[in-house]
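Participant: Compute the structure for the input listed below.
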Amino acid sequence: MSVDLHNHTILCNHASGTTKEYIQKAIEKKIKYFGFSDHAPMNFDTKYRMNFSKMSEYEKEILHAKDLYKDKINILLGYEVDFLKGYIDKSVLKANVDYLIGSVHFINKWSFDNPEFIGEYKNKDIDKIWQEYFEAVEDLAKSGLFQIVGHIDLIKIFNFFPKKDVKLIAKNAIKAIKKSGMSVEINSAGFRKPVNEAYPSKEIMELLSEYDIPITFGSDAHKPDQVGFKKEEIHSLAKDYGYNKCSVYIKKEHKMVKF
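Facilitator: You can find the predicted model right below:
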């Protein structure tokens with residue numbers, strides 16, 4: 001059984017390809033549960049996300065595809081929602097979807113994963129940045145708004161690592177995720193970035209395993225040929241830490257499937 005719950009569409013303004021092309025690639029890769037979770041709208045950083053006016057179009061298109069391909073693949077509908085206090089919109093939270101991925105892309109409104117703003121790292125205390133990032137992940141978990149934590153250690157994207165033990169920095173966030181009942185995705189997009197490894201790292205995987213937190217998978221595809229990217233590698237990573245089942249959400253109901 002193969003699962004890929006984190007994929008985008010052209011509506012986010014920085015992806016390419018048609019919905020059909022993504023689905024055809026997923027079928028080719030023998031993915032059984034394929035989820036679209038495009039960047040949800042919010043009134044901040046609007047260049048890199050869906051417009052509020054496109055939500056209905058997005059949802060109708062994915063639901064149409066779900067019906068059209070129901071004999072070949074399970075299509076799921078979600079959003080990737082930026083956890084940025086004061087900007088999370090109720091219309092997104094109330095959307096009739098299968099799941100919401102909560103992701104941290106901003107530290108105090110600084111888009112730390114955007115290459116346009118990489119120069120800001122030289123002005124920062126790296127240990128403090130990592131601490132603030134995982135405090136945001138902890139708050140995300142405590143909010144109770146989401147089913148899945150997206151790319152949990154995205155802060156490592158450009159290979160800026162803390163001097164302090166990553167496990168100590170992340171532990172409170174991991175405890176909050178455990179208490180929330182959320183799943184954490186193993187996201188292969190890190191292999192396409194300077195860090196050249198999956199999210200999460202082995203250190204974070206150790207914590208997830210220690211706290212028995214369920215995992216799921218996402219390729220974070222922004223174009224069709226990225227669907228199922230490094231699928232075998234992230235399955236193998238999960239198995240290395242004792243996992244043989246992963247999470248799927250249907251109408252926000254959690255179920256586990258073997259992979």
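Participant: just checking, Gly78 is part of a strand?
Facilitator: Yes. Assessed by DSSP: H, G, I helix; E, B strand; the rest coil, Gly78 belongs to a strand.
Participant: Excluding chain neighbours, what is closest to it?
Facilitator: In this structure, Gly78 finds its nearest non-sequential neighbour in Ser37, 3.8 Å apart by CB to CB, 6 or more residues apart in numbering. Placement of C-beta: from N, CA and C, glycine included.
Participant: Next, count neighbours for that neighbour.
Facilitator: 28 (other CB atoms under 10 Å).
Participant: in terms of contact, does it touch Ala95 like I think?
Facilitator: No. Between Ser37 and Ala95 there is no contact under CB atoms under 8 Å: 11.4 Å.
Participant: got any residues that touch both of the two?
Facilitator: Tyr79 (CB atoms under 8 Å, 6 or more residues apart in numbering).
Participant: sorry, back to before: so what's the residue nearest to Gly78 scoring on pLDDT?
Facilitator: For Ser37, the pLDDT comes out at 98.
Participant: From Asn196, how far out is the residue nearest the centre of the chain?
Facilitator: The structure's the chain has its C-alpha centroid closest to Gly150; by CA atoms, centre = their mean the separation is 2.8 Å. Using CB to CB, to the nearest Å, Gly150 is found at 19 Å from Asn196.
Participant: Then Trp110?
Facilitator: On the measure of CB to CB, Trp110 and Asn196 end up 23 Å apart.
Participant: can you give me the strands in this structure?
Facilitator: Here the chain has its strands, by DSSP state E, at 3-4, 33-39, 74-82, 99-103, 148-149, 183-187, 215-218, 245-250, 253-258.
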